[in-house]
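Undergrad: pasting the sequence and the predicted model now:
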Protein chains: 2
Amino acid sequence: MNGDVVTMDKLVSLCKRRGFAFLSSEIYGGLGSSYDYGHYGVLLKNNIKAQWWRAMLQERDDILALDSAIIQHPKTWEASGHVQSFTDPLIDCRTCKLRFRADKLEEAQCGRKPSKHPGETPECDLTAPRDFNLMFETTIGPVKEAGSAVYLRPETAQGIFLNFKHYLQFGRKKPPFGIAQIGKSFRNEITTGNFIFRTREFEQMEMEFFVPPADADHWFEHWLEQRPAWFEGLGIRPDHLRLRAHDQEELSHYSSATSDLEYLHPFGWTELEGIANRGDFDLKQHATYSGQKLEYVDSASGERYVPYVIEPALGVDRAMLAFLADAYDEDEIEGERRTVLRLHPLLAPVKVAVLPLVRKDGQPELAREVYLLLREVLQAEYDEGGAIGRRYRRQDEIGTPWAVTIDHQTLEDRTVTVRDRDSLAQVRAPIEELAREFERRLREPWRSPKLGG
Amino acid sequence: MNGDVVTMDKLVSLCKRRGFAFLSSEIYGGLGSSYDYGHYGVLLKNNIKAQWWRAMLQERDDILALDSAIIQHPKTWEASGHVQSFTDPLIDCRTCKLRFRADKLEEAQCGRKPSKHPGETPECDLTAPRDFNLMFETTIGPVKEAGSAVYLRPETAQGIFLNFKHYLQFGRKKPPFGIAQIGKSFRNEITTGNFIFRTREFEQMEMEFFVPPADADHWFEHWLEQRPAWFEGLGIRPDHLRLRAHDQEELSHYSSATSDLEYLHPFGWTELEGIANRGDFDLKQHATYSGQKLEYVDSASGERYVPYVIEPALGVDRAMLAFLADAYDEDEIEGERRTVLRLHPLLAPVKVAVLPLVRKDGQPELAREVYLLLREVLQAEYDEGGAIGRRYRRQDEIGTPWAVTIDHQTLEDRTVTVRDRDSLAQVRAPIEELAREFERRLREPWRSPKLGG
């Protein structure tokens, strides 16, 4: 299936079978479209986040990190416009008692049993649309009556704007500079779906890049180039990515230009990341609501201005889905069908599997020794259960790029075979060189075998 | 101040000055005791979490990772006992209109101005205590009336118990094995305080280790040994750590044995991490409430049992506070006072600073070249602003273990000086060997200079 797009069924099934992600609270029947991430899912997500931090913090020196609280002062959301306009128009059906998004009626699923009610919503008796806010509300303080109403943040971005002044001070930065954050956000969506693509609780990676207003177009273009390159560098096929500029009606109230970086998901082209020119909207709003000056003053020239903000923002969960979908492959080895995740080695949950060929003759003991050596430097896994072919398959399915096999020759000369997940090539190498060799390979540029050539 | 304990004032002041952590939503007057983490704070927390994951996942093969949702099915909290008993007894004062914890009245601060009201709570007119639940409640679904009441999790542990069955299946594990998780939890505490020590929103690192009931004591002892060793390996002084066993009255309803790993905080000995034998309480409760069998069945012997659970659980924020407090030091260099964080190099936010001695003669250009080389392999910082002594001080204060200085000799022979934060020794080294040298140093065992000897 090279070049093709995997189906969601296959992807969801692999995720559940190998514990990447599965329905949350399942023993209690689940909770809407809420998912938990299992062992390999956590390792994969950690790797994605580490690569994002690396691109934002380690490989540049114009971006600083932030981790702001999920529950912020409620004035934040008045200033940002969320209290007033972060709403969905909802419609109730008097027949089936369900609630639908007025702007997505064609996607609605009727709640009445098909046998009794073969048509869909057109047969429903609908109310006029009403606006409902998508923010989760809770109260802080010991009792509801006395506590203050607060919200779970619907985006991490506002925490960045609130701290802009701090960063001018202790960050010793002047525009252009950015503030980056990874963290959970919450939206009480009525329409969720497509597995981990749209959920009510999700993890964002957002970066707000503050620039002199005159340079905003330049930096918008810069991030339009950088972000697809990040995905491609981590193995996403370029023909599965495209930039789509929002037209005038589609733009948010705060934005003068936005492009979606879209990915060819199993369910079609949809947003993977948004890159927006937010102008000076947010800083000016918070300046008005807080009464504080949120501007940059050049101490040498005396020049002062409210910076414009360029924002590349994406979801960890959504990025994980794209990396998995793009890596998913099936092929045949010796007449047997194989499922393989062709993940970039830096993203792969496990870097190397250590396998004794047989479970005797001292091979397991020596394999444990090799495993202990390797796990000092990377995420390794030891497996002695079942036929060797089956153990290779298990590792292929979770995207482990390399497998080290200990055989009878290893006991004689301390060399092992190193098998490559993609080329299936097996080369012999001395045990003592393995750690350094895998570290070297991890630093090499990598190209998906799906790209051919 | 070697061997002494830093004051909270100094620590909080450093955290704010250098942007490790500061009051959340400050432009709106803050939000109770809620904190945001700035650039160096995020880097430090990321390093702490990476070391915990390393100890749990990479260096062992009996623990798997999980990332479960913050909003879980509400039955979870009925089964766990939180709905019924996760409460604080609160007392209202009819005089000053404030609310206090009945069991911590002696710590209460009266709301009336001291001038008008010189005494404290004894002069207040108190109501009888009433129980208030500490869980944050919100509603899922589009409108309050129609939505279901759900809670923000007060601990990550329950998400692990809910998924126990999954891990037996796809994890191919049998007891003893553990499931580890890092994530945010929320408690609507009435008494918060001591900076980031006790906040309403906090990040936990919890691991539930499932064992055959007969082995529970053995594994409890195992984790009582492992956890202090983890802190000591990362530089915490052993005389600042102690284990304190809970007596019978102090034990939670679910626990048959709990020990607090206490740290000598600036405000006294207090809990840093809890290590508990939770028995089979949680699995049995969830089995009852869900109607599912939550037990281990040995497929070979047919033996079946509900595992006991040993839980080491700590807060990321609290761990960060301890690492900062323990690393904080002041000394004198050439008659000038210096603040220095003697952090373990693996935890240090920045590993190496690259500094041109002067801002001319081609030194900045060459220093940039060295910086670009080093940031490929570790978190580096380039700084050319101000006198060299001042730049060293800046790095000392955030705990950067090494500084590379480019001087006139560098332009001749491509060697630099490498300065050590603690010993202040400066050695010359060739540019081309720096990356490998720092990587080597990062892997070396490290001993805090505060330990002497």
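TA: Looks like it arrived, so ask away. It should be emphasised that the depicted structure is a prediction, and the values quoted were computed from it without experimental measurement. Numbering: from 1, shown residues only, chains lettered A, B, ... in the order given.

Undergrad: ok, now which ones touch the residue nearest the centre of chain A?
TA: Residue closest to the mean C-alpha point of chain A, counted by C-alpha atoms, centre = their mean, is A:Val316 at 1.8 Å. Counting by C-beta atoms under 8 Å, 6 or more residues apart in numbering or on different chains, A:Val316 touches A:Lys45, A:Ile48, A:Lys49, A:Ile182, A:Phe202, A:Glu203, A:Gln204, A:Met205. C-beta here means a position set from N, CA and C on the backbone, and glycine is covered the same way.

Undergrad: which strands or helices does the helix or strand bottoming out on mean pLDDT in chain A pack on?
TA: Using mean pLDDT, DSSP states H and E, the weakest-scoring helix or strand in chain A turns out to be strand A:99-101, at a mean of 77. Helices and strands touching strand A:99-101, by 3 or more C-beta pairs under 8 Å, 6 or more residues apart in numbering or on different chains; DSSP states H and E, are strand A:87-92.

Undergrad: the strand it packs on vs chain B: in contact?
TA: Yes: Strand A:87-92 lies within reach of chain B by C-beta under 8 Å from any C-beta of the partner chain, at A:Asp88, A:Leu90.

Undergrad: contact partners of that strand?
TA: A:98-103, A:105, A:126-134, A:189-190, B:142.

Undergrad: switch the cut-off to 10 Å
TA: Applying C-beta atoms under 10 Å, 6 or more residues apart in numbering or on different chains, the external contacts of strand A:87-92 come out as A:98-105, A:108, A:121, A:124-135, A:187-191, B:142-143, B:146.

Undergrad: make a PyMOL selection of the buried ones in those.
TA: Burial among those is assessed by 16 or more other C-beta atoms under 10 Å in any protein chain shown; the matching PyMOL selection reads:
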select buried, (chain A and resi 98+99+100+101+102+108+121+124+126+129+132+133+134+135+187+188+189+190) or (chain B and resi 142)
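
Undergrad: so of the contacts of strand A:87-92, which ones are in strands?
TA: Among these, the members found in strands (DSSP state E) are A:Arg99, A:Phe100, A:Arg101, A:Arg130, A:Asp131, A:Phe132, A:Asn133.

Undergrad: now render those residues as TSV, adding distance to B:Leu57.
TA: Shown next, in TSV, are the ones in strands among the contacts of strand A:87-92 (distance: C-beta to C-beta, whole Å):
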residue	distance to B:Leu57
A:Arg99	42
A:Phe100	43
A:Arg101	41
A:Arg130	48
A:Asp131	45
A:Phe132	41
A:Asn133	40
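
Undergrad: in the residues you listed, find the pair that's most separated.
TA: A:Phe100 and A:Asn133 (16.9 Å; C-beta to C-beta).

Undergrad: which strand residues bridge A:Ala149?
TA: Beta bridges link A:Ala149 to A:Thr139, judged by DSSP bridges.

Undergrad: Provide a list of residues in contact with whichever residue of the stretch 201-350 of chain A sits closest to chain B.
TA: Nearest to chain B, among the residues of the stretch 201-350 of chain A, is A:Ser290, at 4.1 Å (C-beta to the nearest C-beta). Residues counted as contacts of A:Ser290 (C-beta under 10 Å, 6+ apart) are A:His73, A:Lys75, A:Thr76, A:Ala79, A:Leu162, A:Lys165, B:Ser25, B:Glu26, B:Ile27, B:Tyr28, B:Gly29.

Undergrad: pLDDT score assigned to it?
TA: For A:Ser290, the model assigns a pLDDT of 97.

Undergrad: any idea how far it is from B:Gly30?
TA: In this structure, A:Ser290 and B:Gly30 are 12 Å apart, going by C-beta to C-beta, to the nearest Å.

Undergrad: so what sits against both of the two?
TA: Common contacts of A:Ser290 and B:Gly30 (C-beta under 10 Å, 6+ apart): A:His73.

Undergrad: near chain B, which residues of the stretch 151-300 of chain A show up?
TA: Within reach of chain B by C-beta under 10 Å from any C-beta of the partner chain, the stretch 151-300 of chain A has these residues: A:151-152, A:158-167, A:169-173, A:179-184, A:186, A:188-190, A:199-203, A:286-287, A:289-292, A:294.

Undergrad: keep only those of the residues you listed that are in strands.
TA: Those of these lying in strands (DSSP E): A:Tyr151, A:Ile179, A:Ala180, A:Gln181, A:Ile182, A:Gly183, A:Lys184, A:Phe186, A:Glu201, A:Phe202, A:Glu203.

Undergrad: can you report phi and psi for the closest residue to the last one other than its chain neighbours?
TA: In space, A:Glu203 comes closest to A:Val316 once its chain neighbours are excluded; the distance is 4.0 Å by C-beta to C-beta, 6 or more residues apart in numbering or on different chains. Dihedral angles of A:Val316 (phi, psi; degrees, to the nearest 10) stand at phi -60, psi -40.

Undergrad: do A:Arg200 as well
TA: For A:Arg200, the backbone dihedrals (degrees, to the nearest 10) come out as phi -80, psi -30.

Undergrad: show me the contacts for it.
TA: The contact partners of A:Arg200, taken as C-beta under 10 Å, 6+ apart, are A:31-34, A:134, A:136, A:152, A:185-190, A:192, B:69, B:71, B:140-141.

Undergrad: where do the helices sit along chain A?
TA: Remark: helices assigned in chain A by DSSP state H are A:8-17, A:39-53, A:75-79, A:82-85, A:157-162, A:164-170, A:216-233, A:281-290, A:316-327, A:363-374, A:388-398, A:408-413, A:434-443.

Undergrad: relative to the whole chain's centre, how far out is the fourth one?
TA: Once both centres are worked out by C-alpha atoms, centre = their mean, to the nearest Å, helix A:82-85 turns out to sit 26 Å from its chain's centre.

Undergrad: ok, residues contacting that helix?
TA: Taking contacts as C-beta under 10 Å, 6+ apart, the residues outside helix A:82-85 that touch it are A:74-78, A:131, A:133-135, A:151, A:153-155, A:158, A:252-253.
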